[in-house]
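Chemist: no sequence on this one, just coordinates:
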């Protein structure tokens, strides 16, 4: 991505400030959104997928199934482990457990470890950054970039931290004349989503400012995907009004078409608003499955559950373990072993009670669309006009139907920005200690 600021004087002289913000990234151009993504009819730029290295060595674990460099979900071989210091869940995230304890614990209960990242570093061969100005599909206000201010590892923790665009280009350029240009000269700096003017924007065009927030979204689409298993993520949620963190999954191949027909699994989402926010802020988390033949028939309301901590505790004050248990017969999610969401796959099309004229895209599978490979995603969004922050609730300063919602949001900066904490701090960040994915049985096939 190229970030430029253009200041035009009456004489027509332009001052251009170029700042390289993105490196070492590539992604698919047509990833679907997280919720409520309407088809706007905009064309998307397609680009060739890079041949990323196979996932044969993860942080802390060396995978060597019978000498193969690739561990497929359906392989039945035993996995050989080379442990290099894995964190103890019950202690400080930077502490380690012994090699023998790790091996015996994670190979017990008839399960095998498929994937692990303990975040000793940010591995760009595993986590692919999105580069887009689209607002994440929900018309959110952030630009997704690849910059170590926004996505970084510190003391064994992976952080996704939103920051102000004006701190990079200046407040005046944000409002008038500034340019955000993501058309790089190589695949590592090229925009990954061009719908909704996602690759090039000029401040003031259409009467709107540029994306006022910069943040991060990473996905394992080119390195790791799986079908059925157990996902454990130890994470801490961010604080700050209108911040929207998520750890979720999308289908690898879109077997049943576009979103939400191919499904979506949201392990955990939250809001950075305080506990006084109606519907819950960082004191509450939610899990959701999105599914249905089309946008207007998304039945996520039937597969949504929320969880609040007891005794006034907060998900932003300490780490918690969020677990997905995904089997052919259903999906369950947990918070610290407490059941959150429980969905049985007893014929999802029938469960949806769709109109009689709607074709069954999932004929022949009771668990579709949740019977195909998915990949992992993590991101921090801000605001948006898809209804996650309802109009008129909690002092929301913008209206979802306004053509200038982004301006309305940023005009209230003096109200929401002080709640984000220090610009160089991590209170506003999604913090992830580890991600671990298991197969339920070492001998189970796809």
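Modeler: That came through fine. For clarity, every value in this text was computed on a predicted model and none was experimentally measured. Numbering: from 1, shown residues only.

Chemist: what mean pLDDT does stretch 181-192 have?
Modeler: In this model, stretch 181-192 has a mean pLDDT of 83.

Chemist: measure that stretch end to end?
Modeler: 12 Å (C-alpha to C-alpha, to the nearest Å).

Chemist: stretch 347-364 now?
Modeler: 9 Å.

Chemist: what does that stretch rub up against?
Modeler: Here stretch 347-364 makes contact (C-beta atoms under 8 Å, 6 or more residues apart in numbering) with 256-257, 261, 291-293, 297, 299, 302, 366-370. Every residue, glycine included, has its C-beta placed from N, CA and C.

Chemist: check those for burial and list the buried ones.
Modeler: Among the contacts of stretch 347-364, those buried by neighbour count (16 or more other C-beta atoms under 10 Å) are 256, 261, 291, 292, 293, 299, 366, 367, 368, 369, 370.

Chemist: need these in a markdown table with distance to residue 392, secondary structure and pLDDT, can you?
Modeler: Output for these, formatted as a markdown table (distance: C-beta to C-beta, whole Å; DSSP: H, G, I helix; E, B strand; the rest coil; pLDDT from 0 to 100):
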| residue | distance to residue 392 | secondary structure | pLDDT |
| --- | --- | --- | --- |
| 256 | 36 | coil | 94 |
| 261 | 32 | coil | 97 |
| 291 | 29 | coil | 98 |
| 292 | 27 | coil | 97 |
| 293 | 31 | coil | 95 |
| 299 | 26 | coil | 97 |
| 366 | 40 | coil | 93 |
| 367 | 39 | coil | 96 |
| 368 | 38 | coil | 97 |
| 369 | 34 | coil | 98 |
| 370 | 35 | coil | 98 |
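
Chemist: out of the residues you listed, which comes closest to residue 195?
Modeler: residue 261 (17.8 Å; C-beta to C-beta).

Chemist: quick one: the closest one and residue 296 touch, right?
Modeler: No. Applying C-beta atoms under 8 Å as the test, residue 261 and residue 296 come out as separate, 11.9 Å apart.

Chemist: pull up the per-residue confidence for the residue nearest to residue 148 when sequence neighbours are not counted.
Modeler: Excluding the flanking residues, the one nearest residue 148 by C-beta to C-beta, 6 or more residues apart in numbering is residue 122, at 8.0 Å. Looking at residue 122, its pLDDT is 96.

Chemist: swap in residue 34?
Modeler: Reading off the model, residue 34 has pLDDT 41.

Chemist: now stretch 154-165: how far from the chain's centre is it?
Modeler: 14 Å (C-alpha atoms, centre = their mean, to the nearest Å).

Chemist: ugh, wrong one, stretch 205-219
Modeler: Put simply, stretch 205-219 sits 16 Å off its chain's centre (C-alpha atoms, centre = their mean).

Chemist: again, but for stretch 374-385
Modeler: For stretch 374-385, the distance to the chain centre is 3 Å (C-alpha atoms, centre = their mean).

Chemist: cool, and stretch 333-340?
Modeler: 20 Å.

Chemist: and stretch 230-246, by the same measure?
Modeler: Distance, stretch centre to chain centre, for stretch 230-246: 10 Å (C-alpha atoms, centre = their mean).

Chemist: can you list phi and psi of residue 174 for me?
Modeler: Phi and psi for residue 174, reported as degrees, to the nearest 10, are phi -60, psi -40.

Chemist: from now on call the first residue 14
Modeler: Got it, the first residue is 14 from now on, which makes the last one we talked about residue 187.

Chemist: find the nearest non-adjacent residue to it, please.
Modeler: residue 179 (4.7 Å).

Chemist: touching, that neighbour and residue 225? I think so.
Modeler: Yes. The pair residue 179 and residue 225 qualifies as a contact (C-beta under 8 Å) at a distance of 6.9 Å.

Chemist: give me the common contacts of the two.
Modeler: Jointly contacting residue 179 and residue 225 under the rule C-beta under 8 Å, 6+ apart are residue 187.

Chemist: buried ones in stretch 205-223?
Modeler: 205-212, 214-216, 221-223.

Chemist: quick check, nearest of those to residue 192?
Modeler: Nearest to residue 192 among those, counting by C-beta to C-beta, is residue 215 at 5.3 Å.

Chemist: once you drop chain neighbours, what's closest to that closest one?
Modeler: Spatial nearest neighbour of residue 215, chain neighbours left out: residue 192 (5.3 Å); criterion: C-beta to C-beta, 6+ apart.

Chemist: low-confidence stretches in this structure?
Modeler: Scanning the chain with the threshold set as pLDDT under 70 gives 14-123, 200-201, 456-459.

Chemist: can you show me the helices along it?
Modeler: Using DSSP state H, the helices found in the chain span residues 112-119, 179-182, 184-188, 361-365, 418-424, 426-429.

Chemist: closest to residue 290 out of those?
Modeler: Within the helices of the chain, the stretch nearest residue 290 is helix 426-429; the backing value is 11.7 Å (C-beta to C-beta).

Chemist: any chance of the helices of the chain in CSV, plus mean neighbour count and distance to residue 328?
Modeler: Shown next, in CSV, are the helices of the chain (neighbours: other C-beta atoms under 10 Å; distance: least, C-beta to C-beta, whole Å):
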stretch, mean neighbour count, distance to residue 328
helix 112-119, 14, 25
helix 179-182, 18, 27
helix 184-188, 18, 31
helix 361-365, 18, 29
helix 418-424, 20, 24
helix 426-429, 14, 19
